[in-house]
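Undergrad: 3D model of this:
(2 chains)
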Number of protein chains: 2
Amino acid sequence: MKQKLMFTNHPGAAIDELAAGMSPSKVFVIVDTNTEKQVLPLLAVMSESVAGAQVITVGAGDVNKNLDSLAGIWRTLNESGATRSSFVINVGGGMVTDMGGFAAATFKRGMRFVNVPTTLLAAVDASVGGKTGINFNGCKNEVGAFAEPEAAVISTIFFNTLTTQELLSGYAEMLKHALLEDRQTFIDLLDYNFAGTGFDKDRLLTLLQKSVAVKERIVSEDLHEQGIRKALNLGHTVGHAFESYAMTDRHSPVPHGYAVAWGMVVELILSHMELKFPSDMLQRYAAYVRSNYGVFDITCDDYPALLKLMSHDKKNASADRINFTLLADIGDVRIDREADVENIKAALDIYRDMMGI
Amino acid sequence: MKQKLMFTNHPGAAIDELAAGMSPSKVFVIVDTNTEKQVLPLLAVMSESVAGAQVITVGAGDVNKNLDSLAGIWRTLNESGATRSSFVINVGGGMVTDMGGFAAATFKRGMRFVNVPTTLLAAVDASVGGKTGINFNGCKNEVGAFAEPEAAVISTIFFNTLTTQELLSGYAEMLKHALLEDRQTFIDLLDYNFAGTGFDKDRLLTLLQKSVAVKERIVSEDLHEQGIRKALNLGHTVGHAFESYAMTDRHSPVPHGYAVAWGMVVELILSHMELKFPSDMLQRYAAYVRSNYGVFDITCDDYPALLKLMSHDKKNASADRINFTLLADIGDVRIDREADVENIKAALDIYRDMMGI
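TA: Reported below is the predicted structural model:
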């Protein structure tokens, strides 16, 4: 079953319409301690279903995406008389939609649920694919299920509650999707402005809808992750290396989206070197990243450790040649491209130069 | 995906063939403390995959079909390096196949698994339908998922380890399936003999295969439990009342299968009264039950409580008329038949007479 994606800045009406179509025996809303304070009051004014729902609150943060919180949700559903014809509305970031989706998918072997992502990252990334689950025994998403919500109701009105850092983390995924799609989509994103007294929510909703459509198309073309879905790894070979290096060697973690934004600079440089990716687009992207995300500061002394991290990426068999997803142009994706170590070092040199390090 | 049902008294070869086709990274066997002692050594001699597998043992009995045991399975899978290409073999009764199936279906969002039912009830009842799960917060099967195993390997060689009571509990479901099918299938079951120094395992396997095929057909004709699947409720309206009455009022529980066997006597009497179900078949069935299952002892003083329990059954809206699945003949099923209280009392009178109470 393909889920319904509803892009709207009137999410209350969308939720009430969905609920009316289901005649649920009871409605539950799952939030974390942040969205309970920041989003729920707003949504309760907009939606009768939310206003009348029983609220289940879990602790905020990935550390609470665990078996204890999950069992707490199951227990509340059980003790509140939830049935298979009840209905769950998950309101929060990826942590709430992942765990709330798994709770709903497994309570009495499956209740219906709707996701209302409240972060840009959850909206752009977690809305497609039906992945639900929790962390377990120190491993991320170790327990879970594939389960599609009835719908995802996607709005940008909640993004007021996000920090600029959270917004930019999600925006990096949108930049990636645009690079996989076409030049106009990409330029539209570079021209959009988060700064100022308030961002343009309706414009962002349009850009977001386009971005999610790109991901949907790629995922639907390759359900079993055999081929073109690797396009979504763009920026991630270098990005993961930056992320791990910051965490483990420098003890100073960086947001995942930032690491991907920087990683894409290096991988577009490699794309230019190996596949003639157009230099004007590379320049514009690097300038955008430098101005909005700042720089990830490296010297040539860091190269050996970074190369080791890249070669440890699960997709690489050999340490001398490293697998990348590269672009011959915007929208012209080449998966499974191997680059040798000398070229990667050269790309890192150019990255430092472009970033003014 | 439709699972594969393999009826064989060489289960080791079947398991090894399945494993060979999957090239698993690692094999796990889930057993309870009973099947670990009574079945696993036998199966390890027959199957290289089982002999080389990592064994995960859970406590025996429905009381251990809980979140703690489930978390223990997940933890062992995690700490033993299980991956999505590992493979789980569940060896046990319904408790092990339900919980082991759920653990496998949710670890890393889904590993492949095979069920090897070791009780007649699990073989006849739990092999079809893909229901997995655990009890939670005092409610049976409150948490779970629909997940089909790659295959169910069904053998009668393990049934040596069962008590006669356990065998007869499963056999009641087979008798029910036969009544829903045709006269020859039914008579074959009445003629089969458990008693003596050892039952005929190959003959039982043939009867079992036929029985599971009946259930498969009915389930496949009505995947969403809207209509003909109610045929499988035969014997259960009265059976559940007997079971609850024994448990709650008499504090002397009876096995579920026994309650169904007795319940079917009453419901065949009702079928005779309302739909002319043939009296020779009714007589033969009642005699078989009396001789093998003994009698559930009731007087007319028990009727009001029993009728109340029947009317509380979730399928009944009114207390005066009670919903049954009845038979006009063997294989001629009439769902949603309402009987009034006076006729049910008359049927209970006849039951007492036929059972010699």
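
Undergrad: When you work out contacts or count neighbours from here on, use the C-alpha atoms and nothing else.
TA: Will do.

Undergrad: what's the burial count for A:Lys37?
TA: 11 (other CA atoms under 10 Å in any protein chain shown).

Undergrad: and it, that's in a helix?
TA: Yes - judged by DSSP: H, G, I helix; E, B strand; the rest coil, A:Lys37 forms part of a helix.

Undergrad: That one and A:Ala145, how far apart?
TA: Between A:Lys37 and A:Ala145 the computed distance is 29 Å (CA to CA, to the nearest Å).

Undergrad: and A:Leu331, what does it touch?
TA: Small correction: residue A:331 is Gly, not Leu. A:178-183 (CA atoms under 8 Å, 6 or more residues apart in numbering or on different chains).

Undergrad: Any of those buried? List them.
TA: Neighbour-count burial within these applies to A:178-181; the criterion is 16 or more other CA atoms under 10 Å in any protein chain shown.

Undergrad: hey, where'd the helices end up in the stretch 1-150 of chain A?
TA: A:11-22, A:33-38, A:40-46, A:48-51, A:67-79, A:94-106, A:120-121 (DSSP state H, counting those that start in this stretch).

Undergrad: do the stretch 251-357 of chain A as well
TA: So, for the stretch 251-357 of chain A - with DSSP H, counting those that start in this stretch - the helices run A:256-275, A:279-293, A:303-312, A:341-354.

Undergrad: Contacts for the longest one, please.
TA: Among residues not part of helix A:256-275, those counted as contacts by CA under 8 Å, 6+ apart are A:168-173, A:176, A:234-240, A:242-243, A:277-279, A:282, A:285-286, A:289, A:293, A:295-296, A:324, A:326-328, A:343-344, A:347-348, A:350-351.

Undergrad: residue nearest the centroid of chain A?
TA: The residue lying closest to the centre of chain A (CA atoms, centre = their mean) is A:Asp125, at 3.3 Å.

Undergrad: Check the gap between it and A:Asp32 for me.
TA: Counting by CA to CA, the gap from A:Asp125 to A:Asp32 is 19 Å.

Undergrad: Repeat that for A:Asn66.
TA: 13 Å.

Undergrad: which residues does A:Trp158 contact?
TA: To be clear, residue A:158 is Phe; Trp isn't right here. By CA under 8 Å, 6+ apart, the contact set of A:Phe158 is A:39, A:118-119.

Undergrad: Chain A against chain B: which residues are in contact?
TA: A:74-75, A:78, A:105-110, A:131-133, A:136-137, A:141-146 (CA under 8 Å from any CA of the partner chain).

Undergrad: Mind giving me the PyMOL select for those residues, buried ones only?
TA: Buried residues within the residues of chain A next to chain B, by 16+ other CA under 10 Å, are selected in PyMOL with:
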select buried, chain A and resi 74+78+105+106+107+108+109+110+131+132+133+136+141+142+143+144+145+146
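
Undergrad: is it true that A:Arg290 touches A:Met355?
TA: Yes - A:Arg290 lies in contact with A:Met355 (CA atoms under 8 Å); the separation is 6.2 Å.

Undergrad: hang on, the earlier thing: from the contacts of helix A:256-275, which would you call buried?
TA: A:168-173, A:176, A:234-240, A:242-243, A:277-278, A:282, A:285-286, A:289, A:293, A:295-296, A:324, A:326-328, A:344, A:347-348, A:350-351.

Undergrad: Of the residues you listed, which belong to strands?
TA: Using DSSP state E, A:324, A:326-328 are the members of the buried ones among the contacts of helix A:256-275 that sit in strands.

Undergrad: In JSON lines, list the residues you listed along with pLDDT.
TA: Formatted as JSON lines, those follow (pLDDT from 0 to 100):
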{"residue": "A:Phe324", "pLDDT": "95"}
{"residue": "A:Leu326", "pLDDT": "97"}
{"residue": "A:Leu327", "pLDDT": "97"}
{"residue": "A:Ala328", "pLDDT": "97"}
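
Undergrad: between these, which is closest to chain B?
TA: A:Phe324 (24.0 Å; CA to the nearest CA).

Undergrad: if I look at that closest one, how far off is A:Phe242?
TA: Remark: distance between A:Phe324 and A:Phe242 (CA to CA) = 15 Å.

Undergrad: what does stretch A:338-352 contact?
TA: A:265-267, A:269-270, A:297-300, A:303, A:307, A:320-324.

Undergrad: Please list only the buried members of those residues.
TA: Looks like the contacts of stretch A:338-352 have A:265-267, A:269-270, A:303, A:307, A:321-324 buried, using 16+ other CA under 10 Å.

Undergrad: per-residue confidence at A:Ala195?
TA: Listed pLDDT for A:Ala195 reads 67.

Undergrad: domains of chain A?
TA: A:4-161, A:172-223+A:234-354 (automatic domain parsing).

Undergrad: Quick one, which of the ones you listed gets closest to B:Asp249.
TA: Closest to B:Asp249 of those, according to CA to CA: domain A:4-161, at 25.6 Å.

Undergrad: Report the mean per-residue pLDDT for the closest one.
TA: 95.

Undergrad: How far off centre is it?
TA: 16 Å (CA atoms, centre = their mean, to the nearest Å).

Undergrad: Endpoint to endpoint, it covers what distance?
TA: Termini of domain A:4-161 sit 25 Å apart (CA to CA).

Undergrad: For the residue nearest to A:Ala145 when sequence neighbours are not counted, list the residues it contacts.
TA: Distances taken as CA to CA, 6 or more residues apart in numbering or on different chains place B:Arg109 nearest to A:Ala145, at 4.3 Å, with adjacent residues excluded. With CA under 8 Å, 6+ apart as the criterion, the residues that contact B:Arg109 are A:131-133, A:142-146.

Undergrad: One more pass at 6 Å, please.
TA: By CA atoms under 6 Å, 6 or more residues apart in numbering or on different chains, the residues touching B:Arg109 are A:143-145.

Undergrad: Only the C-alpha atoms, please, for stretch A:274-285, written as CSV.
TA: Extracted C-alpha coordinates of stretch A:274-285, given in CSV (Å, rounded to 0.1, in the frame of the first residue of the first chain):
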residue,chain,number,x,y,z
GLU,A,274,36.4,12.5,-12.8
LEU,A,275,33.2,13.4,-14.8
LYS,A,276,33.4,17.1,-15.7
PHE,A,277,30.6,18.1,-13.3
PRO,A,278,30.1,21.8,-14.3
SER,A,279,32.4,24.1,-12.4
ASP,A,280,29.9,27.0,-12.1
MET,A,281,27.4,24.8,-10.2
LEU,A,282,30.3,23.5,-8.0
GLN,A,283,31.3,27.1,-7.2
ARG,A,284,27.8,28.2,-6.3
TYR,A,285,27.2,25.2,-4.1
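
Undergrad: Is it possible to get a markdown table of the helices of the stretch 251-357 of chain A that adds distance to A:Asn193 and mean pLDDT?
TA: Below are the helices of the stretch 251-357 of chain A laid out as a markdown table (distance: least, CA to CA, whole Å; pLDDT from 0 to 100):
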| stretch | distance to A:Asn193 | mean pLDDT |
| --- | --- | --- |
| helix A:256-275 | 17 | 97 |
| helix A:279-293 | 10 | 96 |
| helix A:303-312 | 32 | 92 |
| helix A:341-354 | 22 | 97 |
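
Undergrad: Distance to A:Ile187 for those - can I get that in TSV?
TA: Shown next, in TSV, are the helices of the stretch 251-357 of chain A (distance: least, CA to CA, whole Å):
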stretch	distance to A:Ile187
helix A:256-275	16
helix A:279-293	9
helix A:303-312	29
helix A:341-354	19
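
Undergrad: out of those, nearest to A:Phe87?
TA: Among the helices of the stretch 251-357 of chain A, if distance is taken as CA to CA, the winner is helix A:256-275, at 32.3 Å.

Undergrad: For the closest one, buried residues please.
TA: A:256-274.

Undergrad: likewise stretch A:349-357?
TA: A:349-352, A:354-355.

Undergrad: for that stretch, the distance to its chain's centre please.
TA: 27 Å.
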